[in-house]
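Visitor: Got a predicted model here, sequence first, then my questions.
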Amino acid sequence: MRYEKFYNKKYEILHCQGYGYYIKDKLNNKYYFLENINNNYKRKLKKEYIKINHIDIIYSILILLSIISFIYLFFIKYDKIYLDNYNNSNNIYLSSILYLFINVILHELSHYLAMIFYNRKPGKIKIKRYHIFLLVVTDTTDSYILPFYRRFVVYYAGIMINLLVYSATIILYPRYAYLLRFVLWGVLYNIIPFGGLETDGYHIFVNVFLKINEQKDGVNLKTLIFKYFFLIFSIIAFLNSLFSLLTDESLFNYLYCVLLNLYI
């Protein structure tokens, strides 16, 4: 897909060839989408073509490394994370909470920096409440005036840095593999694109693959099913992480053993 950018003091317009125009009203800080605009008006604006640059290449390499990290953590080192024994002490829980806190900061900082690197204006980093969850979110609205592949980078940047940090932890400091017990499953439910909670996976699915600004469907049965399935999955994933800290196995492994014994 070819991308063109038109701009003046008031407007900034991204043209996705064959799709439409994303428009930013810079004076009022509002965003619009139009399938077409007047060609005579476009001639009055400055124009430039958007091409792949060195930042795109660097992020492409990091994304590839994060995918390798995902495979490495979940398919190669998963047993080491959840089955290795460790000394049970208060330091274990304190260090795990600190590790979680550091990765939350790195996650949001990665979204923020991706916006900066692509010359977009990041919004505030806020703490929001969604049902029983406290969420830290970075306003990335200005990423609408980015090509879809760069918008993907902005939304994926947080997951990417988490995966890279987790892999670096287990490679460089294997005796601290237990730290990943409290955070590893967070990657999975952050990727899931259900609409109950606007995760990074949700924004990637809606804004990149569906290519729409927002999902404003009314409340319907499918939306409710997705919403509560996501909430249940999130709670189970959190309990799995907590259970694995308190014992030497994951909750899923434990339940599997219980069910197997009942069956036998």
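Guide: Now that the structure is in, tell me what you want to look at.

Visitor: ok, now how distant is the residue nearest to residue 193 when sequence neighbours are not counted from residue 62?
Guide: For residue 193, ignoring the flanking residues on the chain, the nearest one in space by C-beta to C-beta, 6 or more residues apart in numbering is residue 205 at 3.5 Å. C-beta here means a position set from N, CA and C on the backbone, and glycine is covered the same way. If you measure residue 205 against residue 62 using C-beta to C-beta, to the nearest Å, the figure is 21 Å.

Visitor: I'd assumed residue 192 was in contact with the residue nearest to residue 193.
Guide: No. Counting by C-beta atoms under 8 Å, residue 192 is not a contact partner of residue 205; they are 9.2 Å apart.

Visitor: Check the secondary structure at the residue nearest to residue 193 for me.
Guide: Secondary structure for residue 205, judged by DSSP: H, G, I helix; E, B strand; the rest coil, is helix.

Visitor: Can you give me the pLDDT of it?
Guide: With respect to pLDDT, residue 205 scores 77.

Visitor: and the gap between it and residue 191?
Guide: Taken as C-beta to C-beta, the span from residue 205 to residue 191 is 10 Å.

Visitor: Same check on residue 150?
Guide: Residue 150 is 19 Å from residue 191, where distance means C-beta to C-beta.

Visitor: Between those two, which is the more surrounded one?
Guide: residue 150 (23 against 16; other C-beta atoms under 10 Å).

Visitor: Ramachandran coordinates for that one?
Guide: Residue 150 adopts backbone torsions of phi -80, psi -30, taken as degrees, to the nearest 10.

Visitor: Identify the residue nearest it in space, chain neighbours excluded?
Guide: Using C-beta to C-beta, 6+ apart, the closest residue to residue 150 is residue 118 (5.4 Å).

Visitor: so how many other residues sit close to that neighbour?
Guide: 20.

Visitor: who's in contact with it?
Guide: Residues near residue 118 by C-beta atoms under 8 Å, 6 or more residues apart in numbering: 55, 143, 146, 150, 153-154.

Visitor: Residue 14 too?
Guide: 3-5, 21-23, 50, 144-147.

Visitor: before we move on, which element is residue 6 in?
Guide: Assigning secondary structure by DSSP states H and E places residue 6 in strand 3-7.

Visitor: Show me what that strand packs onto, helices and strands only.
Guide: For strand 3-7, the packing partners by 3 or more C-beta pairs under 8 Å, 6 or more residues apart in numbering; DSSP states H and E come out as strand 11-16, strand 46-49.

Visitor: again, only using 10 Å
Guide: Applying 3 or more C-beta pairs under 10 Å, 6 or more residues apart in numbering; DSSP states H and E, one finds that strand 3-7 contacts strand 11-16, strand 20-25, helix 39-42, strand 46-49, helix 148-172.

Visitor: sorry, back to before: Serialize the contacts of residue 14 to a markdown table and add fields for distance to residue 110 and pLDDT.
Guide: Below are these laid out as a markdown table (distance: C-beta to C-beta, whole Å; pLDDT from 0 to 100):
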| residue | distance to residue 110 | pLDDT |
| --- | --- | --- |
| 3 | 23 | 89 |
| 4 | 28 | 89 |
| 5 | 24 | 90 |
| 21 | 29 | 89 |
| 22 | 23 | 90 |
| 23 | 27 | 91 |
| 50 | 22 | 90 |
| 144 | 19 | 88 |
| 145 | 20 | 90 |
| 146 | 16 | 92 |
| 147 | 19 | 92 |
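
Visitor: Would you check how far apart residue 127 and residue 72 are?
Guide: Counting by C-beta to C-beta - residue 127 and residue 72 are separated by 32 Å.

Visitor: Looking at those two, which has the bigger crowd around it?
Guide: Legend: neighbour count by other C-beta under 10 Å for residue 127 and residue 72, higher for residue 72 (17 against 8).

Visitor: Tell me, how many residues neighbour the nearest residue to that one once chain neighbours are set aside?
Guide: Nearest residue to residue 72 in three dimensions, chain neighbours excluded: residue 167, at 5.8 Å (C-beta to C-beta, 6+ apart). Using other C-beta under 10 Å, residue 167 is surrounded by 20 other residues.
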